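Asks: just a sequence and a predicted model for now, questions to come.
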Amino acid sequence: AQSVSQHNHHVILSEAASLELGCNYSYGGTVNLFWYVQYPGQHLQLLLKYFSGDPLVKGIKGFEAEFIKSKFSFNLRKPSVQWSDTAEYFCAVNAASSASKIIFGSGTRLSIRP
Amino acid sequence: ETGVTQTPRHLVMGMTNKKSLKCEQHLGHNAMYWYKQSAKKPLELMFVYNFKEQTENNSVPSRFSPECPNSSHLFLHLHTLQPEDSALYLCASSQDSGSSYNSPLHFGNGTRLTVT
(Lines give C-alpha, C1' and ligand atoms only; values in the text may rest on other atoms or scores of the structure.)
Protein backbone atom coordinates (compact mmCIF):
# COMPACT_ATOMS: atom_id res chain seq x y z
CA ALA A 1 0.00 0.00 0.00
CA GLN A 2 1.13 3.53 -0.67
CA SER A 3 2.15 5.83 2.16
CA VAL A 4 3.62 9.31 2.42
CA SER A 5 5.95 10.58 5.14
CA GLN A 6 6.57 14.18 6.00
CA HIS A 7 9.22 14.24 8.66
CA ASN A 8 8.95 17.88 9.71
CA HIS A 9 5.76 18.60 11.64
CA HIS A 10 6.51 22.26 12.30
CA VAL A 11 9.15 24.45 10.68
CA ILE A 12 9.88 27.99 11.82
CA LEU A 13 11.92 30.31 9.60
CA SER A 14 12.71 33.97 9.30
CA GLU A 15 11.76 35.92 6.19
CA ALA A 16 14.24 35.51 3.31
CA ALA A 17 15.48 32.16 4.64
CA SER A 18 15.59 29.21 2.28
CA LEU A 19 13.05 26.43 2.68
CA GLU A 20 13.16 22.72 2.09
CA LEU A 21 10.33 20.44 3.26
CA GLY A 22 10.89 16.72 3.07
CA CYS A 23 8.51 14.21 1.53
CA ASN A 24 9.12 10.50 1.05
CA TYR A 25 6.71 7.96 -0.31
CA SER A 26 6.57 4.22 -0.41
CA TYR A 27 5.41 2.61 -3.63
CA GLY A 28 7.44 0.69 -6.16
CA GLY A 29 5.56 1.58 -9.32
CA THR A 30 4.90 4.68 -11.35
CA VAL A 31 3.56 7.52 -9.25
CA ASN A 32 2.15 10.99 -9.60
CA LEU A 33 3.24 13.46 -6.92
CA PHE A 34 1.68 16.63 -5.54
CA TRP A 35 2.19 19.38 -3.02
CA TYR A 36 -0.90 21.08 -1.64
CA VAL A 37 -0.98 24.15 0.59
CA GLN A 38 -3.55 25.31 3.12
CA TYR A 39 -3.28 28.96 4.12
CA PRO A 40 -4.88 29.96 7.44
CA GLY A 41 -8.65 29.91 7.14
CA GLN A 42 -8.59 28.77 3.51
CA HIS A 43 -9.20 25.53 1.64
CA LEU A 44 -6.51 23.14 0.48
CA GLN A 45 -5.17 24.10 -2.92
CA LEU A 46 -2.63 22.69 -5.37
CA LEU A 47 0.88 24.14 -5.22
CA LEU A 48 2.54 21.95 -7.86
CA LYS A 49 2.43 18.49 -9.39
CA TYR A 50 4.67 15.95 -11.10
CA PHE A 51 3.30 13.46 -13.61
CA SER A 52 6.26 12.78 -15.94
CA GLY A 53 9.17 14.45 -17.70
CA ASP A 54 11.52 16.92 -16.02
CA PRO A 55 11.87 15.83 -12.38
CA LEU A 56 12.26 19.46 -11.31
CA VAL A 57 8.82 21.02 -11.32
CA LYS A 58 7.93 24.61 -10.67
CA GLY A 59 4.75 25.73 -9.02
CA ILE A 60 3.06 28.90 -7.97
CA LYS A 61 4.61 31.59 -5.76
CA GLY A 62 8.21 30.59 -6.47
CA PHE A 63 7.96 27.06 -5.10
CA GLU A 64 9.63 24.10 -6.78
CA ALA A 65 9.99 20.41 -6.04
CA GLU A 66 12.38 17.76 -7.24
CA PHE A 67 11.40 14.15 -7.82
CA ILE A 68 14.30 11.82 -7.02
CA LYS A 69 13.09 8.37 -7.95
CA SER A 70 16.04 6.53 -6.38
CA LYS A 71 15.29 8.15 -3.04
CA PHE A 72 11.48 7.96 -3.31
CA SER A 73 11.48 11.65 -2.48
CA PHE A 74 9.68 14.78 -3.64
CA ASN A 75 11.03 17.62 -1.50
CA LEU A 76 9.56 21.10 -1.71
CA ARG A 77 11.89 24.10 -1.93
CA LYS A 78 11.78 27.86 -2.04
CA PRO A 79 14.96 29.96 -2.08
CA SER A 80 13.57 32.87 -0.07
CA VAL A 81 10.38 32.63 1.98
CA GLN A 82 7.97 35.43 2.77
CA TRP A 83 5.68 35.96 5.73
CA SER A 84 2.74 35.17 3.42
CA ASP A 85 4.07 31.62 2.98
CA THR A 86 2.87 30.82 6.49
CA ALA A 87 0.62 27.80 5.91
CA GLU A 88 0.37 24.04 6.20
CA TYR A 89 1.94 22.05 3.38
CA PHE A 90 0.83 18.57 2.37
CA CYS A 91 2.64 16.12 0.13
CA ALA A 92 0.47 13.63 -1.75
CA VAL A 93 0.97 10.68 -4.07
CA ASN A 94 -1.10 8.39 -6.21
CA ALA A 95 -0.13 5.32 -8.13
CA ALA A 96 -0.54 5.74 -11.87
CA SER A 97 -2.49 2.47 -11.82
CA SER A 98 -4.98 3.91 -9.32
CA ALA A 99 -5.28 7.54 -10.26
CA SER A 100 -8.20 8.39 -7.99
CA LYS A 101 -6.62 7.02 -4.79
CA ILE A 102 -4.59 10.03 -3.70
CA ILE A 103 -2.79 9.53 -0.39
CA PHE A 104 -1.63 12.47 1.73
CA GLY A 105 1.11 12.96 4.28
CA SER A 106 0.41 14.37 7.73
CA GLY A 107 1.42 17.87 6.72
CA THR A 108 4.13 20.34 7.74
CA ARG A 109 3.18 23.57 9.43
CA LEU A 110 5.39 26.44 8.25
CA SER A 111 5.62 29.56 10.39
CA ILE A 112 7.50 32.57 9.05
CA ARG A 113 8.79 35.21 11.45
CA PRO A 114 8.48 38.70 9.95
CA GLU B 1 -14.50 30.60 -3.92
CA THR B 2 -13.30 27.06 -4.49
CA GLY B 3 -15.97 25.72 -6.82
CA VAL B 4 -16.67 23.03 -4.21
CA THR B 5 -19.26 23.96 -1.59
CA GLN B 6 -19.76 22.05 1.62
CA THR B 7 -22.61 22.44 4.10
CA PRO B 8 -22.89 22.80 6.97
CA ARG B 9 -19.59 24.44 7.96
CA HIS B 10 -19.97 23.23 11.54
CA LEU B 11 -22.00 20.38 12.99
CA VAL B 12 -22.40 19.18 16.56
CA MET B 13 -24.22 15.91 17.02
CA GLY B 14 -24.86 13.36 19.73
CA MET B 15 -23.90 9.73 19.34
CA THR B 16 -27.49 8.68 18.69
CA ASN B 17 -28.24 11.35 16.08
CA LYS B 18 -28.49 10.95 12.32
CA LYS B 19 -27.17 13.78 10.19
CA SER B 20 -25.86 14.31 6.66
CA LEU B 21 -23.02 16.31 5.17
CA LYS B 22 -23.52 17.79 1.72
CA CYS B 23 -21.04 18.62 -1.01
CA GLU B 24 -21.70 20.27 -4.36
CA GLN B 25 -19.17 21.00 -7.09
CA HIS B 26 -19.64 23.54 -9.88
CA LEU B 27 -16.54 22.60 -11.87
CA GLY B 28 -17.97 20.00 -14.24
CA HIS B 29 -15.81 17.29 -12.67
CA ASN B 30 -16.76 13.62 -12.74
CA ALA B 31 -14.94 12.32 -9.66
CA MET B 32 -15.76 13.22 -6.05
CA TYR B 33 -14.06 12.32 -2.80
CA TRP B 34 -14.54 12.34 0.96
CA TYR B 35 -11.47 12.83 3.16
CA LYS B 36 -11.20 12.99 6.96
CA GLN B 37 -8.72 15.43 8.50
CA SER B 38 -7.84 14.88 12.15
CA ALA B 39 -5.28 16.85 14.12
CA LYS B 40 -1.67 15.73 13.55
CA LYS B 41 -2.73 12.87 11.25
CA PRO B 42 -2.58 12.52 7.48
CA LEU B 43 -5.68 13.25 5.50
CA GLU B 44 -7.51 9.95 5.33
CA LEU B 45 -9.18 9.02 2.07
CA MET B 46 -12.64 7.66 2.85
CA PHE B 47 -14.59 7.27 -0.39
CA VAL B 48 -14.18 7.96 -4.10
CA TYR B 49 -16.91 8.18 -6.72
CA ASN B 50 -16.25 8.22 -10.45
CA PHE B 51 -19.23 8.99 -12.69
CA LYS B 52 -21.56 8.37 -9.70
CA GLU B 53 -20.11 4.90 -9.07
CA GLN B 54 -18.19 4.19 -5.87
CA THR B 55 -14.65 3.13 -6.77
CA GLU B 56 -12.93 3.35 -3.39
CA ASN B 57 -14.05 2.53 0.12
CA ASN B 58 -11.01 2.80 2.34
CA SER B 59 -12.24 0.42 5.05
CA VAL B 60 -14.58 3.05 6.43
CA PRO B 61 -16.95 1.94 9.25
CA SER B 62 -20.55 1.46 8.19
CA ARG B 63 -21.71 4.31 10.44
CA PHE B 64 -20.51 6.50 7.54
CA SER B 65 -22.66 6.02 4.45
CA PRO B 66 -21.91 7.94 1.24
CA GLU B 67 -24.36 8.78 -1.50
CA CYS B 68 -23.65 10.24 -4.93
CA PRO B 69 -26.89 10.91 -6.83
CA ASN B 70 -25.08 12.66 -9.70
CA SER B 71 -21.61 13.88 -10.61
CA SER B 72 -22.18 17.26 -8.96
CA HIS B 73 -23.46 16.17 -5.56
CA LEU B 74 -22.02 14.01 -2.83
CA PHE B 75 -23.46 13.26 0.61
CA LEU B 76 -22.08 11.62 3.72
CA HIS B 77 -24.79 10.20 5.95
CA LEU B 78 -23.80 9.83 9.60
CA HIS B 79 -25.42 7.70 12.29
CA THR B 80 -24.40 6.42 15.72
CA LEU B 81 -21.03 8.12 15.52
CA GLN B 82 -18.35 7.98 18.20
CA PRO B 83 -16.48 10.92 19.78
CA GLU B 84 -13.32 9.84 17.93
CA ASP B 85 -15.14 10.58 14.67
CA SER B 86 -14.88 14.28 15.49
CA ALA B 87 -12.79 15.83 12.71
CA LEU B 88 -12.85 18.06 9.66
CA TYR B 89 -14.53 16.28 6.75
CA LEU B 90 -13.33 17.47 3.39
CA CYS B 91 -14.99 17.00 0.04
CA ALA B 92 -12.98 17.22 -3.18
CA SER B 93 -13.54 16.80 -6.89
CA SER B 94 -11.39 16.16 -9.93
CA GLN B 95 -11.69 15.34 -13.60
CA ASP B 96 -11.20 11.65 -14.27
CA SER B 97 -9.46 11.53 -17.63
CA GLY B 98 -9.50 7.76 -17.79
CA SER B 99 -5.72 7.71 -18.08
CA SER B 100 -3.02 7.19 -15.49
CA TYR B 101 -3.76 10.42 -13.70
CA ASN B 102 -6.71 12.59 -12.86
CA SER B 103 -6.69 16.34 -12.69
CA PRO B 104 -5.61 17.71 -9.30
CA LEU B 105 -8.12 17.74 -6.48
CA HIS B 106 -10.22 20.80 -5.78
CA PHE B 107 -11.24 20.91 -2.14
CA GLY B 108 -14.14 22.46 -0.31
CA ASN B 109 -13.73 24.31 2.99
CA GLY B 110 -14.85 21.29 4.97
CA THR B 111 -17.40 20.53 7.66
CA ARG B 112 -16.09 20.65 11.23
CA LEU B 113 -17.87 17.78 12.99
CA THR B 114 -18.02 17.41 16.76
CA VAL B 115 -19.57 14.27 18.22
CA THR B 116 -20.63 14.61 21.85
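Replies: Arrived safely.
Asks: check what pLDDT residue 41 gets.
Replies: I went with chain A, as the question did not name one. pLDDT for A:G41: 88.
Asks: hm, I was asking about chain B
Replies: So, for B:K41, pLDDT stands at 83.
Asks: same check on B:G98?
Replies: For B:G98, the model assigns a pLDDT of 61.
Asks: since we're on residue 9, how many residues are nearby?
Replies: Because you didn't say which chain, this covers chain A. Neighbourhood size, A:H9 [other Cβ atoms under 10 Å in any protein chain shown]: 10. C-beta: built from backbone N, CA, C; applies to glycine.
Asks: not quite, I wanted chain B
Replies: If we define neighbours as other Cβ under 10 Å, then B:R9 has 10 of them.
Asks: next one: phi and psi at B:D85?
Replies: phi -80, psi -10 (degrees, to the nearest 10).
Asks: wait, it touches B:T114, no?
Replies: No - counting by Cβ atoms under 8 Å, B:D85 sits too far from B:T114 to count as a contact (9.4 Å).
Asks: those two: which is more packed in?
Replies: The neighbour comparison of B:D85 against B:T114 (other Cβ under 10 Å) goes to B:D85, with 19 against 13.
Asks: give the pairing partners of the helix or strand bottoming out on mean pLDDT in chain B; include direction for each.
Replies: Every helix and strand in chain B was compared by mean pLDDT, DSSP states H and E; the lowest is strand B:53-57, with a mean of 89. Applying DSSP bridges, strand B:53-57 is found paired with strand B:44-50 (antiparallel).
Asks: tell me the contacts of residue 40?
Replies: In the absence of a named chain, chain A is used. Shown in contact with A:P40 (Cβ atoms under 8 Å, 6 or more residues apart in numbering or on different chains): A:T86, A:A87.
Asks: could you do chain B instead?
Replies: A:H9, A:S106.
Asks: distance of A:S3 relative to B:S59?
Replies: 15 Å (Cβ to Cβ, to the nearest Å).
Asks: low pLDDT regions in the chain?
Replies: The chain I'm using is chain A. For chain A, applying pLDDT under 70 flags no range at all.
Asks: my question was about chain B, not that one.
Replies: Using pLDDT under 70, the flagged stretches of chain B are B:1, B:97-102.
Asks: centre-most residue in it?
Replies: Centroid-nearest residue in chain B, with Cα atoms, centre = their mean: B:W34, separated by 2.5 Å.
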